[in-house]
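A.B. asks: sequence-free structure coming up:
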């Protein structure tokens, strides 16, 4: 075995230029596998990251208007959410991991000692922060005690902080919200959010729900102090996964058919319908935005892209394999006399066969490894450049590495098999007197 | 000339003599071409799909202006004052010479009823120019006209999904719907268009009415405009900002006082992403084709070595360097172009077989599948790949041919 490898290396070295050219083919095949799958992965993660800035699979429930009559009441009645609905949903829902009300008001006059602004305000439960990916770069988040005691504390969005405090740290400063003093406890980290339902988080202030309810309740003619306008919720991960299966199934008929019709929306309506007296099949009674649908569709789209890239990279590697096969065939021809001699001296078919397979494999695997290293280096190089939104840079996963090695070995063996068989089948006597 | 014919004949006969080897090498080239063409077609399809979806939302050069709040103090006032656009602002903008189209937009989420059917839609009060700036076309009927606006007609243009919810498959044009209780005549319905970008409601779920009949007309939610020519685009944005700054007494440098959303910026961003992707795809395709070229070079080198004695004989019989050079170069080019032709044929077949790759159509509910990646061969793609092929062929043929032409006849004759 060892001898066979040594011989292979020697053979490769005698035809240096030819070997290098052949190896280049395989090398490039592997580089293209690495680059293309890293590209797909980068798109996937970049998209996921941008979507999750709004919240992972977050569901946003807002006031709706009935479109069918129910319980003796005519269609067209406005369904208004209140804080009891948030409690009810939290208690009775089996699909939701966490729920929070969001009592929002826009155009609140906000003053720091440096500047003033008119901003949007949201009163929330602490659960809201993980649901909606509110994370602080400075200070702390709102906690249960803040909410229970209705403390006048505020977490401030990045842009809002910039306008009110310029480059100073806002934590510990006091803000006047419509004249009421609130203490800044945290600043939201920079967000790359590209979808929202009532303005970006960068321009928003977050305060405990109980403080909001006391200081800034909703003011519409039909509102009560308990009105909230918005409930945000996050389902368990398995719920989102089951949605993915539904989309992948044959029964799927486009995304509009899905809106308002997944298990999540159905359960929300089932829980809240008896409270408000609407028909639980009425899709418009509540306005429900299930972002998991978009998330699944996006990942489906990117999966399609990844599959295409995978196909192309396999083709490219196979092309390298053809080069190896061609060169091996020539090697067999050139070395006909040598093979004849070996056979005459007692080498079996099997031995000759093995010799050529090992030679092909050595060529493939060695250049494949070089290609893999080259691919990773190229990815690193590309990652130095600034990346566009929704693209997380080139990401090489362990899965890519495993795939590359397996594909490489398969190509190497397939490319070497035929020339090796031809070499093994050469008749010794004819071969000895063969003239190239 | 007769000599070149002979050289070609010789090149062909030597290829025929090494059928299998030549076929494998050609396969390499064909394969390379197929990869280049497919990747380029994919990149172009990606760009086309995204631009199609984006163009359905905004036509070229549309700018959206909305209210905001001051962030720096101006004229003795503190920052944080809210700015709302007013109908008079729209009139003043119409006076600006740099603007071709101007439309106000009043937005309200309202209930719509037709008989017992009921739904909620985004109602947008707009002017006729709006249809050009937002690519609104009618599948049946028409969009809002200048007379509708002038005469305060209660007419409406329905988004596809709104029409479907209220009318199912009944023709909607000519019927009367109630928007928040007030009767409006349906004058048109839009096709089921796929749009990538939207605000307020997607157009499918919107209803368009003359702005002169929308309620709450003291505040304009948005003003959309387009410059007379693309060259005046930046100029027009600056003029609008200065006009509004003067009318509402804020500093023209305060970029948060009004929100100016230039859809061209987004288009540039989309362009950047698609160009980045196309660059990577072209790069990979080109190098893949180069591998095919390397295969040709490899085979030619082998062929030169094998035929050393033949070359010696030729030289001894008076063949010149350039004859030998031409002979081997032609052989390489023959392989390359035969392989290339097979590759192009294969590409046509594959592109036809693959057709559309899923992309955005299911996400955007687009029955036309225009927002999927439609693989199509353009003359541009074919020209580019042929050019790359020619370069690969010449490069890979040149070195072996050069080596052959430089062989010393005497050495070559006694080569074993």
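C.D. replies: Now that the structure is in, tell me what you want to look at. Note that the structure is a prediction, hence the values are computed from the model and not measured.
A.B. asks: going forward, measure contacts and count neighbours with C-alpha atoms only.
C.D. replies: Fine.
A.B. asks: What residues are bridge-paired with residue B:104?
C.D. replies: When bridges are called by DSSP bridges, residue B:104 pairs up with residue B:223.
A.B. asks: ok, it to residue B:194 distance?
C.D. replies: Distance, residue B:104 to residue B:194, using CA to CA, to the nearest Å: 23 Å.
A.B. asks: Residue B:350 too?
C.D. replies: Distance, residue B:350 to residue B:194, using CA to CA: 27 Å.
A.B. asks: And the strands in the stretch 51-200 of chain B?
C.D. replies: In the stretch 51-200 of chain B, strands defined by DSSP state E, counting those that start in this stretch lie at B:63-66, B:68-69, B:82-83, B:99-114, B:117-126, B:140-141, B:155-158, B:176-179, B:182-189, listed in chain order.
A.B. asks: Kindly reformat the ones you listed as a markdown table containing mean neighbour count.
C.D. replies: Putting those into a markdown table (neighbours: other CA atoms under 10 Å in any protein chain shown) gives the following:
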| stretch | mean neighbour count |
| --- | --- |
| strand B:63-66 | 21 |
| strand B:68-69 | 22 |
| strand B:82-83 | 20 |
| strand B:99-114 | 21 |
| strand B:117-126 | 24 |
| strand B:140-141 | 16 |
| strand B:155-158 | 28 |
| strand B:176-179 | 19 |
| strand B:182-189 | 21 |
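A.B. asks: Tabulate the ones you listed in TSV, adding columns for mean pLDDT.
C.D. replies: Shown next, in TSV, are the strands of the stretch 51-200 of chain B (pLDDT from 0 to 100):
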stretch	mean pLDDT
strand B:63-66	94
strand B:68-69	89
strand B:82-83	90
strand B:99-114	94
strand B:117-126	92
strand B:140-141	94
strand B:155-158	97
strand B:176-179	96
strand B:182-189	96
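A.B. asks: next structured bit after the strand or helix carrying residue B:226?
C.D. replies: Taking DSSP states H and E as the definition, residue B:226 sits inside strand B:222-227. Sequence order places helix B:233-248 as the next helix or strand after strand B:222-227, per DSSP H and E.
A.B. asks: how about the residues of the stretch 251-400 of chain B near chain A?
C.D. replies: Within the stretch 251-400 of chain B, the positions near chain A by CA under 8 Å from any CA of the partner chain are B:272-273, B:284, B:287-288, B:291-292, B:294-295, B:298-299, B:301-302, B:306, B:357-360, B:362-365.
A.B. asks: Quick one: buried ones out of those?
C.D. replies: Buried by 16 or more other CA atoms under 10 Å in any protein chain shown: B:273, B:284, B:287-288, B:291-292, B:294-295, B:298-299, B:301-302, B:357-360, B:362-365, out of these.
A.B. asks: The helix or strand where residue A:310 lies packs against which elements?
C.D. replies: If you go by DSSP H and E, residue A:310 is part of helix A:291-334. When contacts are defined as 3 or more CA pairs under 8 Å, 6 or more residues apart in numbering or on different chains; DSSP states H and E, helix A:291-334 sits against helix A:16-54, strand A:59-65, helix A:237-248, helix A:349-384, helix A:398-425, helix B:19-55, helix B:263-306, helix B:361-364.
A.B. asks: Switch these over to JSON lines; also include distance to residue B:324 and mean pLDDT.
C.D. replies: Output for those, formatted as JSON lines (distance: least, CA to CA, whole Å; pLDDT from 0 to 100):
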{"stretch": "helix A:16-54", "distance to residue B:324": "21", "mean pLDDT": "86"}
{"stretch": "strand A:59-65", "distance to residue B:324": "75", "mean pLDDT": "93"}
{"stretch": "helix A:237-248", "distance to residue B:324": "61", "mean pLDDT": "83"}
{"stretch": "helix A:349-384", "distance to residue B:324": "32", "mean pLDDT": "89"}
{"stretch": "helix A:398-425", "distance to residue B:324": "31", "mean pLDDT": "89"}
{"stretch": "helix B:19-55", "distance to residue B:324": "19", "mean pLDDT": "86"}
{"stretch": "helix B:263-306", "distance to residue B:324": "10", "mean pLDDT": "82"}
{"stretch": "helix B:361-364", "distance to residue B:324": "57", "mean pLDDT": "76"}
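A.B. asks: among those, which is nearest residue B:399?
C.D. replies: helix B:263-306 (7.6 Å; CA to CA).
A.B. asks: Please report how far residue A:110 lies from residue B:78.
C.D. replies: From residue A:110 across to residue B:78, the span is 11 Å (CA to CA).
A.B. asks: Looking at these two, which has the bigger crowd around it?
C.D. replies: Set side by side, residue A:110 and residue B:78 show more neighbours around residue A:110, with 24 against 15, by other CA atoms under 10 Å in any protein chain shown.
A.B. asks: Check the stretch 51-200 of chain A for the residue nearest chain B and tell me.
C.D. replies: residue A:117 (3.3 Å; CA to the nearest CA).
A.B. asks: What is the burial count for that residue?
C.D. replies: Neighbour tally, residue A:117, other CA under 10 Å: 24.
A.B. asks: Need phi/psi at residue A:79.
C.D. replies: Note on residue A:79: backbone dihedrals following degrees, to the nearest 10 are phi -100, psi 120.
A.B. asks: for it, which residues make a bridge with it?
C.D. replies: According to DSSP bridges, beta-bridge pairing links residue A:79 with residue A:64.
A.B. asks: That one: how many residues sit nearby?
C.D. replies: 20.
A.B. asks: show me what contacts it?
C.D. replies: A:63-66, A:276, A:285-286 (CA atoms under 8 Å, 6 or more residues apart in numbering or on different chains).
A.B. asks: circling back: so what sits against both of residue A:110 and residue B:78?
C.D. replies: Contact with both residue A:110 and residue B:78 is made by residues residue A:116, according to CA under 8 Å, 6+ apart.
A.B. asks: name the helices or strands packed onto the strand holding residue B:226?
C.D. replies: strand B:63-66, strand B:99-114, helix B:130-133, helix B:233-248.
A.B. asks: in that strand, what's buried?
C.D. replies: By neighbour count on 16+ other CA under 10 Å, the buried set for strand B:222-227 is B:222-227.
A.B. asks: hmm, who's touching stretch A:261-276?
C.D. replies: In contact with stretch A:261-276 (CA under 8 Å, 6+ apart) are residues A:79, A:85, A:88-89, A:92-93, A:95, A:235, A:239, A:243, A:260, A:279-281, A:283, A:286, A:288, A:290.
A.B. asks: The stretch 51-200 of chain B against chain A: which residues are in contact?
C.D. replies: When proximity is defined as CA under 8 Å from any CA, the stretch 51-200 of chain B approaches chain A at B:69-72, B:78-82, B:111, B:117-120.
A.B. asks: How about the residue in chain B that chain A sits nearest to: what's its closest non-neighbour residue?
C.D. replies: Closest residue of chain B to chain A, CA to the nearest CA: residue B:80 (3.3 Å). Leaving aside its sequence neighbours, residue B:80 sits nearest to residue A:117 (CA to CA, 6 or more residues apart in numbering or on different chains; 3.3 Å).
A.B. asks: mind listing what the one you found touches?
C.D. replies: A:109-111, A:160, A:163-164, B:69-71, B:79-81.
A.B. asks: residue contacts, residue A:200?
C.D. replies: residue A:193.
A.B. asks: Tabulate the helices and strands packed on helix A:291-334 (JSON lines), appending distance to residue B:124.
C.D. replies: As requested, these are arranged in JSON lines below (distance: least, CA to CA, whole Å):
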{"stretch": "helix A:16-54", "distance to residue B:124": "27"}
{"stretch": "strand A:59-65", "distance to residue B:124": "19"}
{"stretch": "helix A:237-248", "distance to residue B:124": "33"}
{"stretch": "helix A:349-384", "distance to residue B:124": "44"}
{"stretch": "helix A:398-425", "distance to residue B:124": "49"}
{"stretch": "helix B:19-55", "distance to residue B:124": "19"}
{"stretch": "helix B:263-306", "distance to residue B:124": "19"}
{"stretch": "helix B:361-364", "distance to residue B:124": "21"}
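A.B. asks: Residue A:187: which of those is closest?
C.D. replies: Minimum separation from residue A:187 across the helices and strands packed on helix A:291-334 (CA to CA) falls at helix A:16-54, 15.5 Å.
A.B. asks: and that closest one, what does it pack onto?
C.D. replies: helix A:291-334, helix A:349-384, helix A:398-425, helix B:263-306.
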